[in-house]
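Asker: This is the structure alone, sequence omitted:
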């Protein structure tokens, strides 16, 4: 019996989101406008990787849905130390799939919005 090999691939990406607030004294996570979560196929509570374009910091946390249309991107808890208001970030999710399958990631860019 052979075990099926799985690989981790990019599932979705929200690119060029701008940090709008930081909340150091919070339990942790990143708050994201719920419209953008939907557009990028990211679920509330889903693990996300956040990459700060300005300083190269990377963190792993989970997404919290912010108010729709608010434009909020808030680094909460210890993550607040890894970025500042105005920093552009990429927010990434991954999925594990069988090695012989493919997955077309959803990429939603805020660069020109």
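Answerer: Yep, that arrived. Owing to the predicted nature of the structure, the values given are computational and were not obtained by experimental measurement.

Asker: Need the nearest residue in space to residue 105, chain neighbours excluded.
Answerer: residue 10 (4.3 Å; C-beta to C-beta, 6 or more residues apart in numbering). In short, each C-beta sits where N, CA and C put it, glycine included.

Asker: go on, residue 92?
Answerer: Using C-beta to C-beta, 6+ apart, the nearest residue to residue 92 is residue 49, at 4.5 Å.

Asker: Buried ones in the longest strand anywhere in the chain, by neighbour count?
Answerer: Using DSSP state E, we find that the single longest strand of the chain is strand 6-18. If you call a residue buried by 16 or more other C-beta atoms under 10 Å, then strand 6-18 has these buried ones: 11, 12, 13, 14, 15, 17.

Asker: any residues touching that strand, and which ones?
Answerer: 32, 36-37, 39-42, 53, 73, 86-99, 102-103, 105-111 (C-beta atoms under 8 Å, 6 or more residues apart in numbering).

Asker: How about the contacts made by the residue nearest the centre of the chain?
Answerer: What sits nearest the mean C-alpha location of the chain, by C-alpha atoms, centre = their mean, is residue 91, with 2.7 Å. Shown in contact with residue 91 (C-beta under 8 Å, 6+ apart): 13-15, 17, 30, 32, 40, 42, 48-51, 63.

Asker: same deal with residue 36?
Answerer: Counting by C-beta under 8 Å, 6+ apart, residue 36 touches 14, 17, 42, 108, 110.
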